[in-house]
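Asker: Predicted model and sequence follow; I will ask about them next.
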Amino acid sequence: MEISVTVNGKTYRHNVPPRLLLVHYLREQLNLTGAHVGCDTSQCGACVVDVNAQSVKSCTMLAVQADGAQVTTIEGLATNGAYHPMQESFWEMHGLQCGFCTPGMIMSATALLQRNSNPTDAEIRHALEGNLCRCTGYENIVKAVRHAAQQGRAGSNGSMHQGAKPEVPESAEELEHPRRDDGVPEKPETVGDWEGENAGVDETTPMGQGGM
Ligand code: FES
Ligand code: FES
């Protein structure tokens, strides 16, 4: 069947099998592999994307059902090389471990703050009930969403569905963690630095002498 879908602001037209799931269309046809497949039972939420301003588990929807829809995936959140404020918050608050659940978590959390810019912890947990983290990093995930809300970040900036990309800091100086052009953080540069430890320690410092 012929479908036309706008994904992250770009319109695609494809002939797809009627039984093709949206998540497989995104991953295999469009090569947008941020939406993950983590279960066969529509429970994990790793595949969450935004379809016409609704959070959707893209493994529960056929690609043909997205005909004419506006879809935003995790790849569509960053703009001009700058991460979405919710992505920044997950980074700053260590809201991920292996990262498998993270795209779905961030999509669900961003949608939450768009409808409720000041959620309680209970409301955050309720909103993320459909997203499972096998690393069980829930405490920091909630902290990350709370942090984004407190910063007024996603609530005021994350307008995914109004014909505009989310607003983002326009210069590296506006970011707490500037990145080089290739997206790599300028600082910190070591794993210890990422954890706020051993800041400034040369990576070549031998073990036991202040190294990692
Ligand atoms: S892959 Fe969609 S809910 Fe698990
Ligand atoms: S960070 Fe590993 S599954 Fe959530």
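Answerer: Cool, the structure landed. Ligands and ions are numbered 1, 2, ... in the order given.
Asker: okay, now the nearest residue to Ser4 once chain neighbours are set aside: neighbour count?
Answerer: Spatially, and ignoring its direct neighbours in sequence, Ser4 is nearest to Arg13 (4.9 Å; Cβ to Cβ, 6 or more residues apart in numbering). (Each C-beta comes from the backbone N, C-alpha and C, glycine too.) Residues near Arg13, counting by other Cβ atoms under 10 Å, number 9.
Asker: and Arg13, what helix or strand is that in?
Answerer: strand 10-15 (DSSP states H and E).
Asker: Which other helices and strands does that strand contact?
Answerer: Here strand 10-15 touches strand 2-7, going by 3 or more Cβ pairs under 8 Å, 6 or more residues apart in numbering; DSSP states H and E.
Asker: quick one: buried residues of the strand it packs on?
Answerer: For strand 2-7, the neighbour count (16 or more other Cβ atoms under 10 Å) marks Ile3, Val5, Val7 as buried.
Asker: for Val37, helix, strand, or coil?
Answerer: coil (DSSP: H, G, I helix; E, B strand; the rest coil).
Asker: Correct me if wrong: it contacts Cys59.
Answerer: Yes. With contact defined as Cβ atoms under 8 Å, Val37 counts as touching Cys59 (6.2 Å).
Asker: got any residues that touch both of the two?
Answerer: Listed as contacting both Val37 and Cys59 by Cβ atoms under 8 Å, 6 or more residues apart in numbering are Val23, Cys47.
Asker: out of those two, which sits in the busier spot?
Answerer: Remark: of Val37 and Cys59, Cys59 carries more neighbours, 23 against 15, as counted by other Cβ under 10 Å.
Asker: what helix or strand is that one on?
Answerer: Applying DSSP H and E, one finds Cys59 in no helix or strand.
Asker: picking up where we left off before, show me what the following helix or strand past the strand holding Arg13 is packed against.
Answerer: Remark: after strand 10-15, the chain's next helix or strand is helix 22-24, criterion DSSP H and E. Where contact means 3+ Cβ pairs under 8 Å, 6+ apart, helix 22-24 is packed against strand 48-51.
Asker: What are the contacting residues of the strand it packs on?
Answerer: Outside strand 48-51, the residues within contact range by Cβ under 8 Å, 6+ apart are 22-23, 26, 35, 55-58, 61, 66, 69-74, 103-104, 107-108, 110-111, 130-131, 160-161.
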